[in-house]
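Visitor: take a look and give me a structure for this.
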Amino acid sequence: MKLGRRHFGFSRLRHGFTIIELLVAIGIVSILMSLLLPAVQQARASARRIECLNRLKQIGLAVQEFELQNGVLPTGKNSGSHVQRPESTWLVSLLPFLEQVALYQKIEGDFLLQRSPYVSPPHTGLKTSIGQFQCPDDSRVDFPKSVSSLGGSEVALTSFLGVSGLTFHDSKGVLCYKKSVALSEITDGTSNTLLSGERPPSPDFNLGWWYTGEGQDGSGNADMIMGVKEQAAEPTSRLTAAGCPNVSGYSPGRLDRFCDSLVCCLETKSSRNTPPFSTPALNTTFDSSSGPIGQCI
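Guide: Got it, this is the predicted structure:
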């Protein structure tokens, strides 16, 4: 019996990618990445915006709690002759309502030791950064900054300023220098009256302090309170240096909550006039016939 020859099949050798195949694969991955990265960046920006809104919302709620306990809204900034906390701000008054009771109690003790809030120590609150007062879109406020107006000492910053009125010439707003406003005085209605808004600290950090601050005229104006159509007190005022280092990075304006809080950014347009809380993202208009009124379109 003749045995047939046994045939063995030999498989073809497998080769790696050719240059063309590799280039095609790289091109496909690049296209996918170009489509994915903007979506990721947009999601992160949206998350920061939501967090910024939430922090301002919590400030609004804290103001409500303060009013319920005291019968009036907090003073925008105390005078130098204030009995308990001279030259401290409305943000200091909100600390007990923002889960910062321990810090608030220490601040009260610091004022017993030293009436001037610019001396640290004992006033370590001057350089204590509070996350609740910061918008995540501005990383500059994460840590205290050295400022020339205090001889290089460090100062903690805030992203949110209280609305004091139209300009520093008037006090028709709800957070004013040496003045506490009752809700009954808000004749336009709390849903039509601005409480606070986002305004980034000045590039040199001499404006935008939460603990205390002289501002441009001693009243704290442009530091922790500000008019919706603020002007510089004089042509050489430090206020003219305040502006948005990165306008596109800040949250778009919107009205939110009780005694509505406007979240937006200040854009400096001239050396004399300091524009209102506004943003290029939206057309923001104001009318202050009987107080600071805001409408975001």
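
Visitor: which other helices and strands contact the longest helix anywhere in the chain?
Guide: Taking DSSP state H as the criterion, the chain has its longest helix at helix 19-70. The contact analysis (3 or more Cβ pairs under 8 Å, 6 or more residues apart in numbering; DSSP states H and E) places helix 19-70 against helix 90-94, strand 160-165, strand 196-198, strand 255-256, strand 261-262. All C-beta spots, glycine's among them, are computed from the backbone N, C-alpha and C.

Visitor: I'd say residue 134 and residue 140 touch.
Guide: No - using Cβ atoms under 8 Å as the test, residue 134 is too far from residue 140 to be in contact (9.3 Å).

Visitor: what do the two both touch?
Guide: Residues touching both residue 134 and residue 140 (Cβ atoms under 8 Å, 6 or more residues apart in numbering) are residue 157.

Visitor: higher neighbour count, these two?
Guide: Per other Cβ atoms under 10 Å, whichever of residue 134 and residue 140 has more neighbours is residue 134, with 22 against 16.

Visitor: now do the contacts for residue 141.
Guide: 129, 133-135, 157-159, 200-201, 208.

Visitor: biggest separation within these, which pair?
Guide: Spatially, the most separated pair among the contacts of residue 141 is 129 and 200, at 14.8 Å (Cβ to Cβ).

Visitor: ok, those two, which is more surrounded?
Guide: Neighbour totals were compared for residue 129 and residue 200, and residue 200 leads with 27 against 17 (other Cβ under 10 Å).

Visitor: for the more buried one, phi and psi?
Guide: Backbone dihedrals for residue 200, given as degrees, to the nearest 10, come out at phi -60, psi 150.

Visitor: return the distance of it relative to residue 126.
Guide: Computed with Cβ to Cβ, to the nearest Å, the distance linking residue 200 and residue 126 is 19 Å.

Visitor: also residue 158?
Guide: 12 Å.

Visitor: quick check: residue 190 touching residue 184?
Guide: No - using Cβ under 8 Å, residue 190 is not in contact with residue 184; the gap is 10.6 Å.

Visitor: the more surrounded of the two?
Guide: Set side by side, residue 190 and residue 184 show more neighbours around residue 190, with 14 against 8, by other Cβ under 10 Å.

Visitor: buried set for stretch 120-138?
Guide: Across stretch 120-138, burial judged by 16 or more other Cβ atoms under 10 Å covers 120, 122-123, 125-130, 132-138.

Visitor: let me see the mean pLDDT of stretch 117-131.
Guide: Averaged across stretch 117-131, the pLDDT comes to 94.

Visitor: just for the stretch 1-150 of the chain, where's the confidence low?
Guide: 1-17 (pLDDT under 70).

Visitor: again, 90 this time
Guide: Along the stretch 1-150 of the chain, segments meeting pLDDT under 90 span 1-54, 56-57, 82-83, 135-139, 148-149.

Visitor: related to what we said a few turns ago, any shared contact partners between residue 158 and residue 126?
Guide: By Cβ under 8 Å, 6+ apart, the residues touching both residue 158 and residue 126 are residue 209.

Visitor: skipping adjacent residues, who's closest to residue 182 in space?
Guide: In space, and not counting its chain neighbours, residue 182 is closest to residue 72: 4.9 Å by Cβ to Cβ, 6 or more residues apart in numbering.

Visitor: correct me if wrong: that neighbour contacts residue 180.
Guide: Yes - using Cβ under 8 Å as the test, residue 72 is close enough to residue 180 to be in contact (4.1 Å).

Visitor: between those two, which one's more packed in?
Guide: For residue 72 versus residue 180, the count of surrounding residues by other Cβ under 10 Å is larger for residue 180: 19 against 16.

Visitor: hmm, the more buried one is touching residue 79, no?
Guide: No - the criterion here is Cβ under 8 Å, and residue 180 misses it with residue 79 at 11.8 Å.
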